[in-house]
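[1] next comes the sequence, and after it the predicted model I'd like to discuss.
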Amino acid sequence: MNKFTRRTIISAIVATSTMMMAHTSFATDKVEKTDITIAVGGKSLYYYLPLSIAERLDYFKDEGLNVKVVDFQGGSRSLQAVVGGSADVVSGAFEHTISMQAKKQPMVAFVLQGRAPQLALAVSNKTMKDYKELKDLKGKKIGVTAPGSSSQVVANFIIARGGLTAKDVAFIGVGSSSGAVAAMRSGQIDALINLDPVMTILELNGDVKVVADTRKVKEADEIFDGALPAGCLYAPAAFVKNNPKTVQALTNAMVRANQWLTTATADDVVKVVPKAYLMNNEAVYKAGFENNRDALSKDGLIPESGPQTSLRALMTVNNKLDPQKLDLSKVWTNEFVERALQKYPTK
């Protein structure tokens, strides 16, 4: 055996050992918890579209996770599921992390789905034909998804631009689906703040006139005087601390979903989401997606100023919150998204 051959053999042995070490390292990098339950309130809404995309395109499976998404009637119910222990993670509104810290039940948001609330305020073309400006809403009934909800938070900010406060109007809970559409069409309410597809259905049918639109990031930033993080994945602080690899895997999947939606066409989305999301009207669903595209996060990063903006918004419906007793730095982190973007760089 000549010298060249011996060197070749030695090199091969070293290479094989290196590969085995790399494989061993990868194998020990498994997630702490394979089976994960994510609670969501209104899964078919565009607000949660990145979650559906990650699920439907098997991004969670690619990360070694077996994810079960459980749909509840509203964000508060999905939050209760995690608090009660029947779910691990919430796909919901960012501001819940702040309200839960105030209740001594710390939650941490770790990947963003929406960079604006995606709520639109519209007035009825039936009961408010003469509407000209926001102050015309004084004494009127405004439909919200539920009292104290994110929709009411946003409504408070919008009407304030017209010199009004929550005491100047009557907020009526109408849900975020067919009940909201029926309430507007029947004249039970004079205005409505809601998510899509509800708002797009009413717009296309000529039932309403949109007067403020946080589906547009620029307009949302002006309304809130800063970036307001919306839908995100968040979990109890203890879960995030004890399961960092699992949280990383969840984040990786969601970042891929955000990136996919950035370049996807409405036709692409329709092919992926469950047919039930279309409500037998593909054209309306496509229009709704285009209306909300701008508000979807492109990379999953939570804006640094977002938590403070969220606190200001939350205080419009919860005046018992004491900013001095809150540590906003503990309700969010971008560390998992930053690592995900190293694995899946934004193109």
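    Nice, thanks for sending it over.
[2] what is the least confident helix or strand in this protein?
    The least trusted helix or strand in the chain, going by mean pLDDT, DSSP states H and E, turns out to be helix 3-27, with a mean of 38.
[3] wasn't residue 123 part of a strand?
    Yes - assessed by DSSP: H, G, I helix; E, B strand; the rest coil, residue 123 belongs to a strand.
[4] quick check: it touching residue 209?
    Yes - counting by Cβ atoms under 8 Å, residue 209 is a contact partner of residue 123 at 5.4 Å. C-beta: built from backbone N, CA, C; applies to glycine.
[5] so between those two, which is more surrounded?
    Higher neighbour count among residue 123 and residue 209: residue 123, with 25 against 15, using other Cβ atoms under 10 Å.
[6] related to what we said a few turns ago, overlap in contacts, residue 123 and residue 209.
    With contacts taken as Cβ atoms under 8 Å, 6 or more residues apart in numbering, residue 123 and residue 209 have residue 131 as neighbours in common.
[7] check the gap between residue 272 and residue 112 for me.
    According to Cβ to Cβ, to the nearest Å, residue 272 and residue 112 sit 20 Å apart.
[8] the two: who's more crowded?
    Comparing residue 272 with residue 112 by other Cβ under 10 Å, the one with more neighbours is residue 112, at 28 against 16.
[9] is it true that that one touches residue 300?
    Yes - counting by Cβ under 8 Å, residue 300 is a contact partner of residue 112 at 5.2 Å.
[10] any common contacting residues for the two?
    With contacts defined as Cβ under 8 Å, 6+ apart, the residues adjacent to both residue 112 and residue 300 are 258, 337.
[11] tell me how many other residues crowd the closest residue to residue 173 other than its chain neighbours.
    Computed as Cβ to Cβ, 6 or more residues apart in numbering, the closest residue to residue 173 that is not its neighbour in sequence is residue 146, at 4.7 Å. By the other Cβ under 10 Å criterion, the neighbourhood of residue 146 contains 19 residues.
[12] kindly report the same for the one 4 residues further on.
    Neighbour count for residue 150, taken as other Cβ under 10 Å: 29.
[13] quickly note the distance from the spatially closest residue to it that is not a sequence neighbour to residue 112.
    Closest residue in space to residue 150, ignoring its immediate chain neighbours: residue 93 at 4.9 Å, by Cβ to Cβ, 6+ apart. For residue 93, the distance to residue 112 (Cβ to Cβ) stands at 11 Å.
[14] per-residue pLDDT, the residue most central in space within the chain?
    Residue closest to the average C-alpha location in the chain (Cα atoms, centre = their mean): residue 231, at 1.7 Å. The model reports residue 231 with a pLDDT of 94.
[15] residues touching it, list them.
    Taking Cβ under 8 Å, 6+ apart, we find residue 231 in contact with 47-48, 50, 91-94, 112-114, 118.
[16] so which of those residues are in helices?
    residue 50 (DSSP state H).
[17] so which of the contacts of residue 231 are in strands?
    With DSSP state E as the criterion, strands contain 91-93, 112 from among these.
[18] nearest to residue 324, of those?
    Ranked by distance to residue 324 (Cβ to Cβ), these are led by residue 93 at 23.3 Å.
[19] tell me how far the closest one lies from residue 266.
    Residue 93 sits 25 Å away from residue 266, going by Cβ to Cβ.
[20] quick one, which of those two is more surrounded?
    Remark: of residue 93 and residue 266, residue 93 carries more neighbours, 28 against 16, as counted by other Cβ under 10 Å.
[21] how far away is the more buried one from residue 229?
    With distances taken as Cβ to Cβ, residue 93 is found 9 Å from residue 229.
[22] secondary structure class for residue 193?
    Under three-state DSSP, the three-state class of residue 193 is strand.
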